[in-house]
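K.L.:
here's a sequence, model it:
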Amino acid sequence: MRIGCTGLAISMMVVAAFLNSLDAIIVRSLAGEVHPLMIGFFRSFFGLLIVSPWIVARIGLKASPYRVLHAVRAALKLASLVTLFIAFAHAPLADATAINFTMPVFLVLGAWLLLGERVGMASVVGIFAGLVGVVIIIRPGASGFDQWLLFALAGAILTAASQLMLRRMALRDSTDRLVAWNLIMTVPLGFIVMLPVWSMPTWNQLGLLAIQGVLGALNMTLITRAFGLANASVLAPFDFLRLPIVALMAFTLFGETPAAQTWIGAALIIGAAIVASSGWPWRRKPPVDGL
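P.N.:
Numbers count the residues shown, from 1 in each chain. Next up, the predicted model:
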């Protein structure tokens, strides 16, 4: 029975990796037509519409001991989405995806430096290797330097900060309630920040934005269920399937061919993320953060 559950969980992670890749493709398709701040709002809005029945039926929102921190974490989450969308809109998709894989590295680094948590030597080595991988892909100071990849790096750092808050807040609140509050708070925040750049999207654009929101909700559901069926140490590596999937889609749809340093840097980052997390005690079942 356990083997069957693990196989089902792995299948869910593979599907989630595919859906996550479609997210990047939709953002690139909307690039230059819909502002990233608008994409961030509509993705959160349509995602909340999809999961609102679950929130109403299962989550007691009033029981949360937090108020202001929900808004702070939602702002971090929204900022991480927007910065990543900017990278997807302008930078090579494979490069931006590979840089985004540094999130676990910064998560461990933040827990170590900011929260004073103990990490093993493996984590320290992983952190260093991950930063080397970033330098290989971004190539600061070189002729091929792409400034838009810095937004992918910022997105990874902001996501890690949001996850660190989620971990601390989960000590006094349930993960389901924290995720629900995150979704609820992100929508009004997204609405406010996108007002200065608002322009009415076409029906086709609105359709893509709605699909993106649905994909985000489905992706979150699949990952949450998967981690409930199997250990994170088994499932986490399957998230890295996003890179070859995105690379194939980007080549097919946009004619993008990843450079050699992309694969070299990505290999370092992926290895670093696995090694860094394996030397960190909080590993068995990490909470899943928002859409």
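K.L.:
so where is the stretch 101-250 of the chain shaky, pLDDT-wise?
P.N.:
Under the criterion pLDDT under 70, the flagged ranges of the stretch 101-250 of the chain are 141-143.
K.L.:
change it to 50
P.N.:
Along the stretch 101-250 of the chain, the model assigns pLDDT under 50 to no residue.
K.L.:
can you show me the helices along it?
P.N.:
With helices called from DSSP state H, counting those that start in this stretch, the stretch 101-250 of the chain shows them at 103-113, 121-138, 149-169, 175-194, 203-229, 232-235, 242-254.
K.L.:
which among those helices is found nearest to residue 37?
P.N.:
Among the helices of the stretch 101-250 of the chain, the nearest to residue 37 by CB to CB is helix 175-194 (4.1 Å). From N, CA and C alone the C-beta is placed, and that goes for glycine too.
K.L.:
the inter-axis angle of the closest one versus helix 203-229?
P.N.:
Interaxial angle, helix 175-194 versus helix 203-229 (axes from the mean of the first three to the mean of the last three CA atoms, to 10 degrees): 160 degrees.
K.L.:
helix 175-194 vs helix 149-169, what angle?
P.N.:
For helix 175-194 against helix 149-169, the angle between stretch directions is 140 degrees (the same axes, to 10 degrees).
K.L.:
now find how far off-centre the longest helix seen in the chain is within its chain.
P.N.:
Longest helix in the chain, counting residues (DSSP state H): helix 2-30. Centroid displacement of helix 2-30 relative to its chain, using CA atoms, centre = their mean, to the nearest Å, is 12 Å.
K.L.:
again, but for stretch 128-147
P.N.:
In terms of CA atoms, centre = their mean, the centre of stretch 128-147 is found 20 Å from the chain centre.
K.L.:
in PDB, could you pull the C-alpha coordinates for it?
P.N.:
This file holds the C-alpha atoms of stretch 128-147, laid out as PDB (Å, rounded to 0.1, in the frame of the first residue of the first chain):
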ATOM      1  CA  PHE A 128      28.100  27.700  -1.700                       C
ATOM      2  CA  ALA A 129      27.600  25.400  -4.700                       C
ATOM      3  CA  GLY A 130      24.200  26.900  -5.400                       C
ATOM      4  CA  LEU A 131      25.600  30.400  -5.400                       C
ATOM      5  CA  VAL A 132      28.300  29.300  -7.800                       C
ATOM      6  CA  GLY A 133      25.600  27.800 -10.100                       C
ATOM      7  CA  VAL A 134      23.900  31.200 -10.100                       C
ATOM      8  CA  VAL A 135      27.100  33.000 -11.100                       C
ATOM      9  CA  ILE A 136      27.600  30.500 -14.000                       C
ATOM     10  CA  ILE A 137      24.200  31.200 -15.400                       C
ATOM     11  CA  ILE A 138      23.900  34.900 -14.900                       C
ATOM     12  CA  ARG A 139      27.600  35.600 -15.700                       C
ATOM     13  CA  PRO A 140      27.800  39.100 -14.100                       C
ATOM     14  CA  GLY A 141      30.200  41.300 -15.900                       C
ATOM     15  CA  ALA A 142      30.300  39.100 -19.000                       C
ATOM     16  CA  SER A 143      29.100  40.200 -22.400                       C
ATOM     17  CA  GLY A 144      26.200  37.800 -22.200                       C
ATOM     18  CA  PHE A 145      25.000  39.100 -18.800                       C
ATOM     19  CA  ASP A 146      21.200  39.200 -18.700                       C
ATOM     20  CA  GLN A 147      19.900  41.700 -16.100                       C
END
